[in-house]
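1. Predicted model, plus sequence, below.
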Amino acid sequence: MKAHRPNPETDPFRPPDIPTEVFCLHCRQEYESYLMEWREEAFEGRLDGAWCCATEGCSGRGFGFDIFPTDPDYRGPDGQPMWEDDELDDEEDEGDDLFAEPWEDAGPALDELFEERDAFDTPPPIHPGDDWWRGSEDDDRRR
């Protein structure tokens, strides 16, 4: 069996061919992508390699994994944007706020429902001597 040898040229997290300013999520430093370092180390008897943050002692690894371009409009070598714009059109987004409370716009009908629910949540009044819910005195003496 042929020994596995990591290849920095085919690694999917290699820095871009055209240097760009990057930011590391681990050390929070900014630097040029060409400063990223290829490091190899043995792991469980197998040689492994990764593109790593240029900051000494930082554990950030991989362009697009822990290390990202600072330019929000950055496009990869295939011309695709690094970031997807997941904002919906204003028309589609109307009334579809993920952080809104579900009952905010329900109006008086829902208020009535909450009042009914609250009526059931209220425990019955406890009268002196009404100890059925605590158990009998004999139960307490046995403990």
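-> Nice, I can see it. Numbers count the residues shown, from 1 in each chain.

2. quick one, strands of the chain?
-> Under the criterion DSSP state E, the chain contains strands at 21-24, 30-32, 37-43, 46-52, 67-69.

3. out of those, nearest to G79?
-> Among the strands of the chain, strand 67-69 comes nearest to G79, with 14.5 Å by CB to CB. Where C-beta positions appear, they are placed from N, C-alpha and C, glycine not excepted.

4. follow-up on the earlier one: what's the closest of the strands of the chain to R5?
-> The nearest among these, by CB to CB, is strand 46-52 at 6.5 Å.

5. any idea how far W51 is from E115?
-> 61 Å (CB to CB, to the nearest Å).

6. neighbour-wise, which of these two wins?
-> Neighbour totals were compared for W51 and E115, and W51 leads with 24 against 9 (other CB atoms under 10 Å).

7. The more buried one contacts G60, correct?
-> No: assessed by CB atoms under 8 Å, W51 is found out of contact with G60, at 9.7 Å.

8. any common contacting residues for these two?
-> Taking CB atoms under 8 Å, 6 or more residues apart in numbering as the contact rule, the neighbours common to W51 and G60 are I67.

9. ok, C58 to P6 distance?
-> 20 Å.

10. If you could redo that for F13, that was the one I meant.
-> From F13 over to P6 the distance is 11 Å, taken as CB to CB.

11. what touches both of these two?
-> Contacts common to F13 and P6, judged by CB under 8 Å, 6+ apart, are A50.

12. Please determine how far M82 is located from T55.
-> Distance of M82 to T55, computed by CB to CB: 21 Å.
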